[in-house]
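Participant: pasting the structure only:
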């Protein structure tokens with residue numbers, strides 16, 4: 001195995017001091033804001049602090065083009081109609097890719113980054129490519145990926161009941177087209193394992209079906225040791241997708257029960273354990289269990305769901321670490337462990353598994369290591385996420401710093417793998433700084449993540465942080481950069497809309513907020529409310545009411561928080577008042593007060609009662 005060690009002693013020192021360096025600089029930034037407000041915190045001052053923080057990280061220079069960057073070059077080539085270049089780069093990545101049992105890399109990473117989702121011009125170029133090279137599987141596979149990414153972008157990650165009907169229909173249409181293209185690509189070239197995995201991911205959204213069963217059997221007939229194929233089906237068998245616990249056990253026992261102890265398929269038992277924990281958490285949440293009682297409920301469910309011998313089967317899965325490529329095993333097991341520590345109410349179970357994994361990886365779970373650099377960095381990353389989920393942000397940063405140190409002591413297959421490990425840790429630090437409102441730390445960590453990893457799904461943190469630091473020019477530029485790199489980054493669109501609004505560029509703000517309001521993003525309600533306010537500010541009460549009526553999710557307690565519901569009803573009350581429909585206005589003000597205690601809603605309610613000549617007892 002090739003060894004990649006690219007952090008010098010000075011780099012290691014900078015990594016270990018990450019928490020102290022960024023925390024102190026963040027404190028300076030807060031002091032600047034407290035002492036002089038926006039006027040005293042000049043843009044130059046913010047940039048100086050950020051530059052100092054970046055210098056302290058002393059990041060190693062990259063000397064290789066990342067797979068994600070190659071994907072971006074292919075995206076640009078497709079948009080320009082340069083299909084020869086797109087095919088050449090894709091072919092080179094495909095030739096280098098190997099099926100290692102866990103995954104098909106680097107092609108899977110390449111495909112996850114190549115699409116320009118929800119971009120009709122990109123779709124048109126892809127369609128033209130499929131016509132020009134009608135006997136080539138590559139353009140069909142590219143278009144299948146585009147439809148898959150676009151469909152999930154439109155659908156979002158929520159439950160079907162909360163999805164806007166238009167988005168759900170668009171999702172169904174996109175998945176149908178993705179499935180057709182994936183199957184056509186397989187017929188043209190069955191030698192690309194990724195095509196079979198993508199087809200199963202497309203079918204997953206509709207639950208277990210005869211078509212998915214047949215697709216799975218065809219896939220494992222061709223690639224019997226490809227773990228990803230099995231994991232997609234196991235996930236589909238989870239009750240929240242219409243499956244059953246019995247079906248999950250039967251599936252794992254059939255395919256992993258008789259596999260050799262060093263087979264990648266043994267990891268299915270760990271995946272099963274994680275999904276049983278998720279099922280327990282979801283079932284408890286569905287019956288309204290929250291807070292301290294959630295852990296008790298999950299524990300009670302797990303006593304029923306987890307059969308006695310499952311602990312031993314999970315232990316065998318964890319012991320794969322000693323029987324296979326340790327780097328590849330780490331990349332396979334980390335997302336499962338992360339999912340477990342994120343499962344609400346499942347802390348006791350995830351902690352036990354993590355401790356077993358740490359023991360097998362010759363690591364420890366202590367917060368402060370006696371000898372930094374001795375742990376497996378995967379353990380530190382999962383521990384950092386565990387502390388983050390619990391709300392102990394300083395502890396999370398401590399483990400991120402440990403992870404950086406441990407990366408230095410780790411042998412990687414190549415330079416790119418090490419760069420991506422560093423990027424992942426810095427990205428996590430950015431998420432921690434976001435929660436603790438340390439905006440300089442957010443900017444610095446996310447810049448480091450992008451510098452080492454090429455891109456980040458959290459790039460909007462940079463523009464949000466600049467916005468909080470009152471540097472609208474830098475915030476606007478950062479938001480636009482994030483959107484140009486990934487047009488589906490709706491958080492960046494929301495905050496750019498806010499920046500445009502502060503700059504009194506209301507048409508531009510409206511354009512960004514409309515895209516967010518029409519989506520399934522978690523900021524959609526706030527975007528819709530702000531759209532209504534644009535109309536109110538223009539004296540257009542009818543336009544405001546049209547917005548408030550269009551987005552019915554504004555009033556749904558299953559998908560929206562009580563504060564936003566209260567504001568939405570309050571705004572609709574005001575719109576009806578302005579339009580002279582007083583009875584409807586009163587109904588909406590009363591509804592607002594059922595979800596919150598806005599003084600404005602109460603004042604309007606009193607006024608409406610008087611204007612309607614109603615007695616006070618009707619309150």
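Facilitator: The structure has been received and is ready for your questions. Just so you know, these numbers come straight off a predicted model, no measurement behind them.
Participant: Which phi and psi values does residue 342 adopt?
Facilitator: Dihedral pair for residue 342: phi -90, psi -10, per degrees, to the nearest 10.
Participant: Could you check how far it is from residue 84?
Facilitator: Residue 342 sits at a distance of 44 Å from residue 84 (criterion: Cβ to Cβ, to the nearest Å). (C-beta placed from N, C-alpha, C; glycine too.)
Participant: Have a look at those two and say which one is more surrounded.
Facilitator: Higher neighbour count among residue 342 and residue 84: residue 342, with 15 against 10, using other Cβ atoms under 10 Å.
Participant: Just confirm the more buried one contacts residue 385, I think it does.
Facilitator: Yes - under the criterion of Cβ atoms under 8 Å, residue 342 makes contact with residue 385 at 7.1 Å.
Participant: Tell me how many other residues surround the closest residue to residue 347 other than its chain neighbours.
Facilitator: Nearest residue to residue 347, sequence neighbours excluded (Cβ to Cβ, 6 or more residues apart in numbering): residue 295, at 6.5 Å. By other Cβ under 10 Å, 18 other residues sit near residue 295.
Participant: Provide a list of residues in contact with residue 295.
Facilitator: 345-348 (Cβ atoms under 8 Å, 6 or more residues apart in numbering).
Participant: which residues touch residue 349?
Facilitator: Residue 349 neighbours (Cβ under 8 Å, 6+ apart): 273, 277, 298, 302, 340, 343.
Participant: if we go to 10 Å?
Facilitator: Taking Cβ atoms under 10 Å, 6 or more residues apart in numbering as the criterion, residue 349 is in contact with 273-274, 276-277, 280-281, 295, 298-299, 302, 306, 340-341, 343.
Participant: For PyMOL, write the select line for the buried members of those residues.
Facilitator: Provided next is the PyMOL selection string for whichever of the contacts of residue 349 are buried by 16 or more other Cβ atoms under 10 Å:
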select buried, resi 273+274+276+277+280+281+295+298+302+306+340+341+343
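Participant: Need the contacts of residue 349 in JSON lines (columns: distance to residue 160 and pLDDT).
Facilitator: Output for these, formatted as JSON lines (distance: Cβ to Cβ, whole Å; pLDDT from 0 to 100):
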{"residue": "273", "distance to residue 160": "26", "pLDDT": "98"}
{"residue": "274", "distance to residue 160": "23", "pLDDT": "98"}
{"residue": "276", "distance to residue 160": "23", "pLDDT": "98"}
{"residue": "277", "distance to residue 160": "23", "pLDDT": "98"}
{"residue": "280", "distance to residue 160": "21", "pLDDT": "97"}
{"residue": "281", "distance to residue 160": "19", "pLDDT": "97"}
{"residue": "295", "distance to residue 160": "28", "pLDDT": "95"}
{"residue": "298", "distance to residue 160": "24", "pLDDT": "97"}
{"residue": "299", "distance to residue 160": "29", "pLDDT": "96"}
{"residue": "302", "distance to residue 160": "26", "pLDDT": "97"}
{"residue": "306", "distance to residue 160": "28", "pLDDT": "97"}
{"residue": "340", "distance to residue 160": "25", "pLDDT": "98"}
{"residue": "341", "distance to residue 160": "27", "pLDDT": "98"}
{"residue": "343", "distance to residue 160": "21", "pLDDT": "97"}
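Participant: closest to residue 144 among the contacts of residue 349?
Facilitator: Residue 144 lies nearest to residue 274 out of the contacts of residue 349, by Cβ to Cβ, at 27.9 Å.
Participant: host element of that closest one?
Facilitator: With elements taken from DSSP states H and E, the one containing residue 274 is helix 268-286.
Participant: immediately after that helix, which helix or strand?
Facilitator: Helices and strands here follow DSSP H and E; after helix 268-286, the next one along the chain is helix 292-305.
Participant: list the buried ones in that next one?
Facilitator: Taking 16+ other Cβ under 10 Å as the criterion, helix 292-305 shows 294-295, 297-298, 301-302, 305 as buried.
Participant: need those residues in TSV with distance to residue 170, can you?
Facilitator: Putting the buried residues of helix 292-305 into TSV (distance: Cβ to Cβ, whole Å) gives the following:
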residue	distance to residue 170
294	34
295	38
297	36
298	35
301	35
302	38
305	35
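Participant: what's the closest of those residues to residue 99?
Facilitator: Closest approach between these and residue 99, by Cβ to Cβ: residue 305, at 32.4 Å.
Participant: got a list of what the spatially most central residue of the chain touches?
Facilitator: Against the mean C-alpha coordinate of the chain, by Cα atoms, centre = their mean, the closest residue is residue 457 at 6.8 Å. Neighbouring residues of residue 457 by Cβ under 10 Å, 6+ apart: 427, 449, 482, 486, 488-489, 491.
Participant: Tell me where the stretch 251-400 of the chain is predicted with low confidence.
Facilitator: Along the stretch 251-400 of the chain, the parts satisfying pLDDT under 70 run over 371-373.
Participant: Thanks again, I'm all set now.
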